[in-house]
Each structure stands twice: as C-alpha cells, then as structure tokens.
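Chemist: Any chance you can model this:
(one chain, ligands or ions: 2)
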Amino acid sequence: MIVVKFGGTSVGDAEAIERTAEIVKGRLDRQPAVIVSALGGDELASLAEALSVLGHATPRSFDAIAAFGEQLSSHLVAAFFKLRGIPAEHLDARDIFATDDNFMAAEPQTDAIAEAARDLVQPLIREGKVPVMGGFIGRTSRGITTTLGRGGSDYSASLLGAALHAEAIEIWTDVDGMLTADPRVVKGSRLIEQIRFDEASELATFGAKVLHPNTIAPAVRLGIPVYIYNSRKPNGKGTRITFDAPRRAVSAIAGKGGITVVKVGAAKMLFARGFLRRVFEIFEKNGISVDVVATSEVSVSVTVDEPSGLESLVVELSQLGDVSVERDRAIVAVVGAAISEDTASMGRAIGALDGIKVHMMSLSATGINLTMIVDGDQLNQVMERLHDAFFTRGSK
Ligand code: ADP
Ligand code: MG
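Modeler: Ligands and ions are numbered 1, 2, ... in the order given. Below you'll find the model as predicted:
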C-alpha cells in the first residue's frame with residue numbers, strides 16, 4: 001500500500017480535485033490511502049491564526065477552528081472520488097492521529113497511531129476501499145482536537161506511512177518536485193530526481209518549504225521512500241527522497257528571511273573556561289533555539305529564527321559582555337552531502353558573493369551545508385547568484 005497526500009494547492013478548486021481523482025484512479029492497484037490538506041492551503045488556519053494573534057483565540061480554540069479546514073476538504077474530496085467511481089471512504093483523521101495536548105504543534109503518539117491505523121485504515125484497504133482523511137489534525141486522549149503545526153499534512157502522511165509500513169509516500173504539490181532552488185525565487189531552478197533524506201531535511205530547515213523536515217523523520221526510520229510530484233503533471237518524474245541517494249557536492253540552495261543575529265562580545269571572556277557554555281545556557285533557559293554559530297577570539301555570533309522573547313535573553317547575556325541584536329537578516333544555505341570533500345565548492349560560493357556583505361558564514365563539520373547570513377533585502381539576489389554558480393555555470 002502507499003500513502004498519497006495532496007497539498008492545499010492540489011485541492012484548490014474543482015479542476016484540481018478532478019486531477020487528484022485521476023491520480024488516485026491510476027494507483028488503485030497499489031492500494032492508496034489518501035491524506036488531504038485544507039482547500040487552497042491555510043484557509044481556516046489563517047483565520048484562526050489571525051484571531052489568536054489578536055488575542056481572541058487560545059491555542060486550543062485555534063486548533064478547534066483550524067481543524068474544520070481539513071475536515072471539510074477531506075469530506076469533499078471523498079465525496080468527489082465516489083462520484084468518479086473511486087471506492088472512497090472518509091475517515092475522521094482525529095480517530096487515527098492521537099497526540100498530546102501541546103496545541104498548535106501537538107506531538108503524535110506513534111504507538112496509538114499504529115494501533116488505530118491497523119484497526120481503522122487497514123481493514124478498509126483490505127476490502128478494496130480507498131480511505132480519505134484530512135491531514136494536519138489529531139486528538140488528545142481526552143478527545144480534544146489538536147493540530148500538528150506547520151507542514152502538518154506532510155507529517156500526517158509520513159506518520160500514516162510509517163504506521164502502515166507503506167511501500168511509498170507520495171506528496172503531491174504544485175511544483176515538479178524538489179528543485180535546485182525555490183522556483184518562486186530562482187527562475188532557472190531544476191528538478192532533483194533523487195535526493196538524500198539528510199539533504200532534503202537540511203533544505204527544509206533553511207527555507208525549502210516544499211517539504212517539512214518532520215515529514216521525513218517517521219518515514220526515514222523505516223526506510224520508506226518519499227516522492228514529491230506535481231499534481232498538474234501526473235506523469236512527471238518527481239523527486240525521490242531516500243536514505244542512500246548518491247552523495248553530490250551540492251544538491252540545492254535554500255534561503256529564508258526574518259533571521260535575527262545576536263552577538264556577544266567579551267574581550268577577556270571568550271577564552272575563559274565555560275564562556276560559551278554560559279552563553280548557550282542563557283539561550284536554552286529562554287527557550288530560544290540557535291541555528292548558525294560563528295566565533296572569533298573576542299565574540300560569539302548566533303542566529304535565531306524567532307525574534308520573540310529576545311528582551312530577557314539580551315538582559316541576561318549583557319552580564320557576559322556587550323550584546324548587539326541585528327534584525328532583518330537572511331540565511332542562505334548551499335546544501336550537499338559531499339560539499340566539504342569537493343575542492344571547487346568553496347571557491348565557487350565565495351566567488352558568487354563578490355560585492356555582497358556577508359555577516360556570518362559556517363561550514364558544518366559533517367559537510368552537509370555551507371550557510372551564510374546576509375542582509376534580508378539581498379536574499380533573492382544571493383540565492384540567484386549561488387544557483388547560477390553551482391547549477392548554471394557550474395556542473396552542467
Ligand atoms: P502544498 O500546499 O502542496 O503543501 P507548499 O506550498 O507547502 O505546497 O510547497 C510547495 C512550494 O514550495 C512551491 O510552490 C515552492 O514555491 C516552494 N519551494 C521552496 N523551495 C523549493 C524547492 N527547493 N523545490 C521545490 N519547491 C520549493
Ligand atoms: Mg506543504
């Protein structure tokens with residue numbers, strides 16, 4: 001059996017839903033279970049988020065409201081499939097996706113999900129039916145509706161695939177697969193036919209929103225391949241994400257804005273024993289996670305994603321040295337499993353950055369990514385230049 005997930009853009013309107021029906025019809029012999037996002041993506045989740053930002057909705061009520069989006073779309077898609085002769089059967093995803101009560105980013109309970117998948121999903125598949133359920137949503141053991149957070153429908157697909165030991169998980173979206181860069185930013189981006197799990201996960205972390213990193217984890221553990229396909233081009237090659245795809249020097253470029261850099265300078269302190277530990281303890285205590293780190297003899301710079309809660313962090317860090325906070329930076333990542341073994345990559349990257357102000361740069365020791373921090377308004381330009389260096393002029 002396989003798990004087939006349709007993103008918001010693939011169920012955006014009647015024509016799109018028609019296409020999904022054709023895709024599922026073409027896969028009936030592989031026993032698909034179908035997961036769908038809300039129509040056109042965020043839908044009610046955006047409304048619920050607006051309410052919660054305004055202080056009118058608690059996380060718990062956010063989930064209750066947002067969940068209607070996936071409930072609605074899954075009912076609609078199931079009904080439509082039946083009209084088209086597919087033996088579809090709607091399932092309430094909340095009966096399957098058991099979670100804790102961390103509303104808006106609930107943690108799935110994998111044992112309970114596996115049991116529910118065995119009891120509710122598998123029998124339907126055995127009878128030749130096509131189970132259809134909403135992604136993103138779940139329920140606590142006390143019966144309260146939850147959501148899995150951003151990228152949640154991909155997560156649902158991956159969890160279900162893992163629970164059922166699926167042969168494959170297919171993520172259907174509005175691009176041909178994982179590309180060498182976000183096609184909305186870089187015009188000449190190209191399809192990557194095969195990519196390693198670790199690279200895909202890294203790309204997702206640094207902005208390639210086509211796939212949420214969490215999507216990967218439950219499937220990775222069991223070695224289930226994840227495919228990304230374009231629902232507008234059902235016969236496209238797509239991208240296959242597996243553990244053991246070949247290691248390339250550079251597979252893709254990703255980037256994201258809204259990054260804040262925090263610098264702590266302390267002339268005498270850095271070499272003092274325990275300085276870095278104290279710096280990171282303060283981040284940890286404030287619940288702020290750190291992405292990129294760079295040190296010099298007298299300072300340490302780190303990037304953070306979430307600018308909220310920085311005030312108390314800065315107050316505490318100020319006890320260690322001079323603190324500065326720079327907002328509106330962007331992070332760009334050049335990702336490739338063999339990047340540090342390839343002697344040409346660094347020169348190419350640096351050459352592409354000629355004339356660009358680079359605030360920080362870091363190459364991970366495991367060699368999977370080269371990241372740099374630039375001014376937020378240079379993000380797209382830097383992505384284009386790096387893409388050009390590695391994929392247009394570079395390795396044709
Ligand atoms: P869905 O609604 O199907 O879940 P998403 O919006 O979550 O779709 O993901 C698809 C989008 O991801 C694409 O439209 C594309 O703009 C964006 N994206 C970012 N980086 C990449 C990349 N490297 N390859 C492909 N798509 C990317
Ligand atoms: Mg998505």
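Chemist: what does the stretch 201-350 of the chain put close to ligand 1?
Modeler: Along the stretch 201-350 of the chain, the residues adjacent to ligand 1 under the rule C-beta under 6 Å from any ligand atom are 208, 209, 210, 252. (Glycine included, C-beta is placed from N, CA and C.)
Chemist: so what's the third one up against?
Modeler: I take that to be residue 210. If a contact means C-beta atoms under 8 Å, 6 or more residues apart in numbering, then residue 210 has 173, 175, 178, 179, 182, 204, 228 as its contacts.
Chemist: which non-adjacent residue is nearest the fourth one?
Modeler: Excluding its sequence neighbours, the residue lying closest to residue 179 (C-beta to C-beta, 6 or more residues apart in numbering) is residue 189, at 4.2 Å.
Chemist: if I've got this straight, that neighbour is in a helix?
Modeler: No. Residue 189: not assigned to a helix; according to DSSP: H, G, I helix; E, B strand; the rest coil it is coil.
Chemist: pretty sure it is touching residue 176, no?
Modeler: No. Contact between residue 189 and residue 176 fails when scored by C-beta atoms under 8 Å: they sit 9.5 Å apart.
Chemist: Minimum distance to ligand 1, which residue of the protein gives it?
Modeler: For the chain, the residue closest to ligand 1 is residue 7, as judged by C-beta to the nearest ligand atom, at 1.9 Å.
Chemist: Enumerate every residue touching that residue.
Modeler: Under the criterion of C-beta under 8 Å, 6+ apart, the neighbours of residue 7 are 37, 41, 153, 154, 171, 172, 173, 174.
Chemist: now the helices: where do they sit in the stretch 101-250 of the chain?
Modeler: 110-116, 122-126, 152-163, 197-205, 213-222 (DSSP state H, counting those that start in this stretch).
Chemist: between the fourth one and helix 152-163, how many degrees?
Modeler: Using axes from the mean of the first three to the mean of the last three C-alpha atoms, to 10 degrees, one finds that helix 197-205 and helix 152-163 are set 160 degrees apart in direction.
Chemist: Do you know the pLDDT at the residue nearest to residue 243 when sequence neighbours are not counted?
Modeler: When the adjacent residues along the chain are set aside, residue 243 lies closest to residue 197, with 5.4 Å between them (C-beta to C-beta, 6+ apart). We note a pLDDT of 86 for residue 197 in this prediction.
Chemist: now swap in residue 20 and tell me
Modeler: Model confidence at residue 20 (pLDDT) stands at 97.
Chemist: Indicate whether the host helix or strand of it makes contact with ligand 1.
Modeler: Residue 20 belongs to helix 14-25 when elements are defined using DSSP states H and E. No. Where contact is defined by C-beta under 6 Å from any ligand atom, no part of helix 14-25 touches ligand 1; the two come within 10.5 Å at best.
Chemist: Alpha carbons of the following helix or strand past that helix, as PDB, please.
Modeler: Sequence-wise, the next helix or strand downstream of helix 14-25 (DSSP H and E) is strand 32-36. This file holds the C-alpha atoms of strand 32-36, laid out as PDB (Å, rounded to 0.1, in the frame of the first residue of the first chain):
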ATOM      1  CA  PRO A  32      -3.600   4.100  -1.700                       C
ATOM      2  CA  ALA A  33      -4.600   5.800   1.500                       C
ATOM      3  CA  VAL A  34      -5.300   9.500   0.900                       C
ATOM      4  CA  ILE A  35      -4.500  12.500   3.100                       C
ATOM      5  CA  VAL A  36      -5.600  15.900   2.100                       C
END
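Chemist: mind listing what strand 32-36 pairs with, with the direction of each?
Modeler: Pairing partners of strand 32-36, with direction, according to DSSP bridges: strand 2-6 (parallel), strand 130-134 (parallel).
Chemist: and the ones you listed, which is most packed in?
Modeler: Burial among the strands paired with strand 32-36, expressed as mean neighbours by mean count of other C-beta atoms under 10 Å, is greatest for strand 130-134, which shows a mean of 27.
Chemist: could I have that one exported to CSV, CA atoms only?
Modeler: C-alpha atoms of strand 130-134 as CSV (Å, rounded to 0.1, in the frame of the first residue of the first chain):
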residue,chain,number,x,y,z
VAL,A,130,-9.7,4.0,-0.5
PRO,A,131,-9.5,5.7,2.9
VAL,A,132,-9.6,9.5,2.6
MET,A,133,-8.7,11.7,5.6
GLY,A,134,-7.7,15.2,6.5
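Chemist: so the helix holding residue 20 versus strand 2-6, what angle?
Modeler: Using the same axes, to 10 degrees, helix 14-25 lies at 170 degrees relative to strand 2-6.
Chemist: Point out where the stretch 1-150 of the chain drops to low pLDDT.
Modeler: For the stretch 1-150 of the chain, the stretches flagged by pLDDT under 70 are 41-42.
Chemist: Near ligand 1, which residues of it are found?
Modeler: By C-beta under 6 Å from any ligand atom, the part of the stretch 1-150 of the chain that sits against ligand 1 consists of 7, 8, 9, 10, 37, 41.
Chemist: and of those residues, the nearest to residue 388?
Modeler: Sorting those by distance to residue 388 puts residue 9 at the head of the list, at 27.5 Å, by C-beta to C-beta.
Chemist: count of residues packed around the residue nearest to residue 243?
Modeler: Neighbour count of residue 197, defined by other C-beta atoms under 10 Å: 20.
Chemist: who touches it in this structure?
Modeler: Applying C-beta under 8 Å, 6+ apart, the residues contacting residue 197 are 216, 220, 241, 242, 243.
Chemist: which of those residues count as buried?
Modeler: Buried subset of the contacts of residue 197 (neighbour count, 16 or more other C-beta atoms under 10 Å): 216, 220, 241, 242.
Chemist: State the distance from the last one to residue 193.
Modeler: Shown here: residue 242 relative to residue 193, a distance of 11 Å by C-beta to C-beta, to the nearest Å.
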